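Engineer: need a 3D model of the sequence below.
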Amino acid sequence: MIPNEKRQSVMLVDGMALLFRAYYATAANGYIRRTKSGIPTNAIYGFIRYFWDAVQQFDPSHVICCWDLGGSTFRGEQFAAYKGNRPEAPEDLVPQFSLIRDVMDSMGVPNIGAEGYEADDCIGTLASRFSREMDVMVLSGDHDLLQLVGDRTTVIIMKKGHGNYKVYTPESLFEEKQLHPRQIIDVKALMGDASDNYPGVRGIGEKTAHKLVQEYGSVDGILDHLDEVSKSIRAKIETDLDMLHLSRKLAEIHCGAPVACELEHCELSLDGKTVADKFEELEMKSLCHLLGVVV
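Structural biologist: Residues are numbered from 1 along each chain as shown. As a prediction, this is how the structure comes out:
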């Protein structure tokens, strides 16, 4: 290794998590930033501020942004009600879905997604691949991604407030939750996920799910020792056994999505003019200063 050469690492960005967070951070105050022609840009502006703060703080050599592409997914085919409780995206956010990808293109950051899969699956697939050769950082606000934590994969959860993060390694995850990464899946299988609209085992909440997984290691371990658990918990599990197995499938991030990105295509290197032109087009030239781009 060349002395002082920057250690290679890749940051996988959960695009939707950042975009929604950025939108609601300003929309909650009743202010929607717009261009003179009326195009809403508040989510884009906030996204870049969040994104660049993380880049400055964690200093990746490579960056990829992963997206949901919309439409049906394999989880929706397995369980028709999956995410069926989600409201439509706010009208002012909709045009920003494609615009933010254009902005990331201008910054030389690849936008990755796959029909029938979610951004989490794309992140999991790329993390699995890149962690064989370099450190991987996953940037999101979604705790579901904690199942991807590994020896070379850290998950950076954005907390409330700008520039506030919780970095999860296998050690810090266990210290906080007394769970190993794969056990995140088992806990969700038992307790379900209200935001994704699948029930798990009715009557088993987070506390009981944690306790069972900590004691028996996994859903399979619990099922192997059903005679040891209380009668009421056993009855709940037996009643909802099919949904328990289905919820585990829904909770697990699929790390074999049909996505790929070569390292040479995701090295973080800004072309100042391209970035400045795009920011000028969207009437947010103030971001050029933030990124150190000369206008």
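Engineer: who are the neighbours in contact with Phe74?
Structural biologist: Taking CB atoms under 8 Å, 6 or more residues apart in numbering, we find Phe74 in contact with 116-117, 254. (C-beta placed from N, C-alpha, C; glycine too.)
Engineer: can you map out the strands along this protein?
Structural biologist: Under the criterion DSSP state E, the chain contains strands at 9-14, 62-66, 111-112, 135-140, 153-158, 165-168.
Engineer: ok, which of these comes nearest Tyr24?
Structural biologist: Among these, the nearest to Tyr24 by CB to CB is strand 153-158 (12.6 Å).
Engineer: what's the mean pLDDT across that closest one?
Structural biologist: Taken as a whole, strand 153-158 has an average pLDDT of 98.
Engineer: ok, residues contacting it?
Structural biologist: Against strand 153-158 from outside (CB under 8 Å, 6+ apart): 17-18, 21, 50, 54, 58, 127, 131, 135-143, 145-146, 148-149, 164-169.
Engineer: next, the angle from that strand to strand 9-14.
Structural biologist: Computed by axes from the mean of the first three to the mean of the last three CA atoms, to 10 degrees, the angle separating strand 153-158 from strand 9-14 equals 50 degrees.
Engineer: follow-up on the earlier one: just put the strands of the chain in CSV and tack on mean neighbour count and distance to Gly217.
Structural biologist: Formatted as CSV, the strands of the chain follow (neighbours: other CB atoms under 10 Å; distance: least, CB to CB, whole Å):
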stretch, mean neighbour count, distance to Gly217
strand 9-14, 26, 28
strand 62-66, 26, 30
strand 111-112, 20, 34
strand 135-140, 24, 25
strand 153-158, 23, 21
strand 165-168, 16, 20
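Engineer: may I see these organised as a markdown table, with distance to Ile100 added?
Structural biologist: Listed next are the strands of the chain as a markdown table, based on distance: least, CB to CB, whole Å:
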| stretch | distance to Ile100 |
| --- | --- |
| strand 9-14 | 11 |
| strand 62-66 | 9 |
| strand 111-112 | 9 |
| strand 135-140 | 15 |
| strand 153-158 | 16 |
| strand 165-168 | 21 |
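Engineer: so what's Asn4 scoring on pLDDT?
Structural biologist: Here, the pLDDT recorded for Asn4 equals 45.
Engineer: still on that earlier bit, most neighbours of all the contacts of Phe74, which one?
Structural biologist: Counting neighbours by other CB atoms under 10 Å, the top entry in the contacts of Phe74 is Tyr117, with 23 neighbours.
Engineer: which non-adjacent residue is nearest it?
Structural biologist: Ala257 (4.4 Å; CB to CB, 6 or more residues apart in numbering).
Engineer: next, that neighbour: phi, psi?
Structural biologist: phi -70, psi 150 (degrees, to the nearest 10).
Engineer: which residues touch it?
Structural biologist: Under the criterion of CB under 8 Å, 6+ apart, the contact partners of Ala257 comprise 114, 117, 121-122, 124-125.
Engineer: distance check, it against Tyr198.
Structural biologist: 20 Å (CB to CB, to the nearest Å).
Engineer: pLDDT value on the nearest residue to Tyr50 once chain neighbours are set aside, please?
Structural biologist: Leaving out its chain neighbours, the residue that sits closest to Tyr50 by CB to CB, 6+ apart is Leu18, at 5.3 Å. pLDDT, the model's per-residue confidence, is 97 for Leu18.
Engineer: mind checking how far Leu18 is from Val213?
Structural biologist: From Leu18 to Val213 the distance is 30 Å (CB to CB).
Engineer: what segments of the stretch 1-150 of the chain are helices?
Structural biologist: Here the stretch 1-150 of the chain has its helices, by DSSP state H, counting those that start in this stretch, at 15-27, 42-58, 74-78, 94-106, 119-130.
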